[in-house]
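Enquirer: predicted model and sequence below, questions to follow.
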Amino acid sequence: MTEIVEHILSHREPDSKIFDHDGVESFFCDFPLGLKEWPMAAFSPEISVSYSQAYIEEGKFGFTNALNLSAKFKTKNSQYLISEKITYDGNIEIELNSVVREGQKTRQKENFIYEFIQKHYQLLKNLVNKTEVMPSDAYIKIHAHSGELEGVKTRGGYVWATYGFDFANPGELHVTRKAFQKYAKEHGLEILAKDLELFKYPCHFSAFRANQKVDGQDIGKAFMMQYEWQGVLYATMKKNSELFKYAWLYHKQGKSIAENGLSKSFRTMMKKYNQEQKQFNWLKKVFKAKKAFRR
């Protein structure tokens, strides 16, 4: 029995309903990593973990098996209910099915989810380094849902964009560009087609701001909080990429500083839209003043 299997079994919740001892052990029989590299283990002394589900799901035609896990992480101020599915068979696919935070909001910021995602990212990197898995075949999948899901209010369209996830495919990016252009126009902002081409990642949409606000929020954030998309994070993501830098700065330094992690071309474009809007507002004030003076 591997130390990961021992960890899962020893941290099983007393009232856990679905547990597959033999299946879990079989899944990890050829797994090349140890408990220190296991992302579902507690990665801080202030965090505890307990598993409510651990079972094997047979894939189509019986060729691949996936490990389904549900766990509860308790931190100092909150608890997180997380459900994910891991497929390891020539490639490694981690599908985050559900992440729910419980507990009262506090002023003390927790970076639990950011660290949780980073542990999974490192798992992908380690597997690529220690096995023959190709970097393009090692990834995390998410559905960034916004709205209401099973009675729970969600804003995943915005939130997951801050964790380094890319769009799942070029089609997802194309649809998002069109949807954002339409949304911006409905709120008084015309975005040129050539400028829309600079929006390449989810973080670009979430970070975008102009003088126009929507319900007190920056227009990009407001759009993403009501939008949903399919996302992916690959082992190929570089630490000098916009995706990685924006996520790190956002969760370590804050949203305004995180803009520095975006490309210069995108920041220049965004600045231009802010300046144009300011100039437009100034011209409106001048026009109104002249009109009032003539009276």
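Expert: Cool, the structure landed.
Enquirer: for Y139, see how far away T87 is.
Expert: 11 Å (CB to CB, to the nearest Å). C-beta coordinates here come from the backbone N, C-alpha and C atoms, glycine included.
Enquirer: any shared contact partners between those two?
Expert: E93, I94 (CB atoms under 8 Å, 6 or more residues apart in numbering).
Enquirer: where does pLDDT dip in the stretch 151-295 of the chain?
Expert: Residues of the stretch 151-295 of the chain meeting the criterion pLDDT under 70: 151-152, 276-295.
Enquirer: tell me where it has helices.
Expert: 156-159, 170-186, 193-196, 202-207, 219-224, 242-252, 255-258, 264-294 (DSSP state H, counting those that start in this stretch).
Enquirer: pick the most deeply packed of the ones you listed.
Expert: Mean neighbours per residue, mean count of other CB atoms under 10 Å, is largest over the helices of the stretch 151-295 of the chain for helix 202-207, with a mean of 26.
Enquirer: skip the chain neighbours and tell me the closest residue to E190.
Expert: A184 (7.4 Å; CB to CB, 6 or more residues apart in numbering).
Enquirer: wait, I meant T131
Expert: Using CB to CB, 6+ apart, the nearest residue to T131 is P32, at 5.8 Å.
Enquirer: and what about Y139, helix, strand or coil?
Expert: Secondary structure for Y139, judged by DSSP: H, G, I helix; E, B strand; the rest coil, is strand.
Enquirer: for the residue nearest to E37 when sequence neighbours are not counted, grab the count of nearby residues.
Expert: Closest residue to E37 apart from its sequence neighbours, by CB to CB, 6+ apart: N126 at 5.4 Å. Close neighbours of N126, defined as other CB atoms under 10 Å, add up to 18.
Enquirer: now N126: how far from L9?
Expert: For N126 relative to L9 (CB to CB), the value is 23 Å.
Enquirer: with A184 instead?
Expert: Taking CB to CB, one finds A184 at 52 Å from L9.
Enquirer: against F73, how distant is H204?
Expert: For H204, the distance to F73 - CB to CB - is 30 Å.
Enquirer: what are the buried residues along the strand or helix carrying A54?
Expert: Assigned by DSSP states H and E, A54 belongs to strand 48-58. By 16 or more other CB atoms under 10 Å, the buried positions in strand 48-58 come out as V49, S50, Y51, S52, Q53, A54, Y55.
Enquirer: so what's the residue lying closest to M270 once chain neighbours are set aside up against?
Expert: In this structure, M270 finds its nearest non-sequential neighbour in F208, 6.0 Å apart by CB to CB, 6+ apart. Shown in contact with F208 (CB under 8 Å, 6+ apart): F199, D218, I219, G220, M270.
Enquirer: returning to that earlier point: can you add distance to H120 and give the helices of the stretch 151-295 of the chain back as JSON lines?
Expert: Shown next, in JSON lines, are these (distance: least, CB to CB, whole Å):
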{"stretch": "helix 156-159", "distance to H120": "16"}
{"stretch": "helix 170-186", "distance to H120": "21"}
{"stretch": "helix 193-196", "distance to H120": "31"}
{"stretch": "helix 202-207", "distance to H120": "17"}
{"stretch": "helix 219-224", "distance to H120": "22"}
{"stretch": "helix 242-252", "distance to H120": "13"}
{"stretch": "helix 255-258", "distance to H120": "21"}
{"stretch": "helix 264-294", "distance to H120": "27"}
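Enquirer: which stretch among those comes nearest I4?
Expert: Nearest of the helices of the stretch 151-295 of the chain to I4, taken as CB to CB: helix 242-252 at 26.5 Å.
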